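In: Have a look at this prediction, sequence included:
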Amino acid sequence: MVVLKKLKASTLMETMVATVLIVVIFMLSSLILNSLFSAQVKGNLQPIKSHLNQLEYQYVNQKINLPYYEEWKTWDITISITQNMVQIEAVEKVASSSRSIKQKIHYAKNL
């Protein structure tokens, strides 16, 4: 039979310290991941860009008249003619961040 070496057992205090360290590391990593995901969701501009593309399509196909104004979710959307160009502008209404998106329509038939 093989004789196994005896290992020195850890004390209760060492076990508690190791457990606390593991819990703290997992807590910090979950907080970091949470902040990253929430920032990603808040910074996502894809829905408003998709809506602006829909409005551009409607304008090009003469479904909406200018000047045009709309409140969509947390955005104020304006379509106007400036300097012989059609400009679509979306400004976010939330006071914490003032983001805006501007697009110009280069469609000669409607100008």
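Out: That came through fine. Numbering: from 1, shown residues only.
In: wait, is Ser80 part of a strand?
Out: Yes: Ser80: assigned to a strand according to DSSP: H, G, I helix; E, B strand; the rest coil.
In: In this protein, where is pLDDT below threshold?
Out: The chain contains residues with pLDDT under 70 at 7, 95-97, 107-111.
In: Now do the helices in it.
Out: In the chain, the helices defined using DSSP state H lie at 12-42, 46-60.
In: Which stretch among these is buried most, on average?
Out: helix 46-60 (a mean of 14; mean count of other Cβ atoms under 10 Å). (C-beta placed from N, C-alpha, C; glycine too.)
In: Packing partners of it?
Out: On a contact count with 3 or more Cβ pairs under 8 Å, 6 or more residues apart in numbering; DSSP states H and E, helix 46-60 meets strand 68-72, strand 75-82, strand 85-92, strand 100-105.
In: which residues are in contact with it?
Out: Applying Cβ atoms under 8 Å, 6 or more residues apart in numbering, the contact partners of helix 46-60 are 64, 66, 68, 70, 72-73, 75, 77, 79, 86, 88, 90, 101, 103, 105, 107, 110.
In: Narrow these to just the buried residues.
Out: 75, 77, 79, 86, 88, 90, 103, 105 (16 or more other Cβ atoms under 10 Å).
In: OK, contacts around the first one?
Out: Each residue near Trp75 by Cβ under 8 Å, 6+ apart is listed here: 48, 90-93.
In: and those as TSV, adding distance to Phe37?
Out: Shown next, in TSV, are the contacts of Trp75 (distance: Cβ to Cβ, whole Å):
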residue	distance to Phe37
Ile48	20
Ala90	24
Val91	26
Glu92	20
Lys93	24
